[in-house]
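A.B. asks: Sequence and predicted structure, then a few things I'm wondering about:
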Amino acid sequence: MNIDSSASSSTNNDNIHDPSDVFLESFTGIIKTKDVDRIIESQRSMLARFEKTNEMLMTFNQLSHLRYQSSMNDYLKHNQVLFTLKRDLDFVFKKIRHLKSIIEKKYPDAFRNQITRTLSEEDENVSVEDS
């Protein structure tokens, strides 16, 4: 009896279709093979274009990285030159201030006269430029 029931259930399973099979059969009946082939060909074409674009972007990124490294090295060198120039100029101005103070102590009247003359010359230059 056990064997008969399994045999009868097997024939019942053949008559009853799995819902996914029914859906698949109805779906494949709607779509034409030609359309599927065109979709696949279109996807392959897009994939090839995307791969080529990706390759171009990778090349661009590598080139950009090299240019960035070169520019960064130049920037660091120029930055160092500017810091050296600033340090040198600070030293020069410090020396000038020191020399001014020595001259002012040694020759106070002459120093005041020269400062007054320099300021009046600068005022004249400014007023001539404004005219």
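C.D. replies: Arrived safely. Residues are numbered from 1 along each chain as shown.

A.B. asks: for Lys32, phi and psi?
C.D. replies: In this entry, Lys32 is assigned phi and psi values of phi -90, psi 150 (degrees, to the nearest 10).

A.B. asks: Roughly how far does it sit from Leu47?
C.D. replies: Separation of Lys32 from Leu47 (CB to CB, to the nearest Å) stands at 23 Å. Placement of C-beta: from N, CA and C, glycine included.

A.B. asks: Same question for Ile30.
C.D. replies: Using CB to CB, we find Ile30 at a distance of 26 Å from Leu47.

A.B. asks: lowest average confidence, helix or strand, in this protein?
C.D. replies: helix 2-15 (a mean of 48; mean pLDDT, DSSP states H and E).

A.B. asks: list the helices and strands the helix or strand following that helix packs on?
C.D. replies: The element immediately downstream of helix 2-15 (helix or strand, assigned by DSSP states H and E) is helix 19-30. Contact analysis of helix 19-30 by 3 or more CB pairs under 8 Å, 6 or more residues apart in numbering; DSSP states H and E lists no helix or strand as a packing neighbour.

A.B. asks: Can you name the next helix or strand after the helix ranked longest in the chain?
C.D. replies: For the chain, the helix with the greatest residue count under DSSP state H is helix 33-106. Moving toward the C-terminus from helix 33-106, the first helix or strand encountered (DSSP H and E) is helix 108-130.
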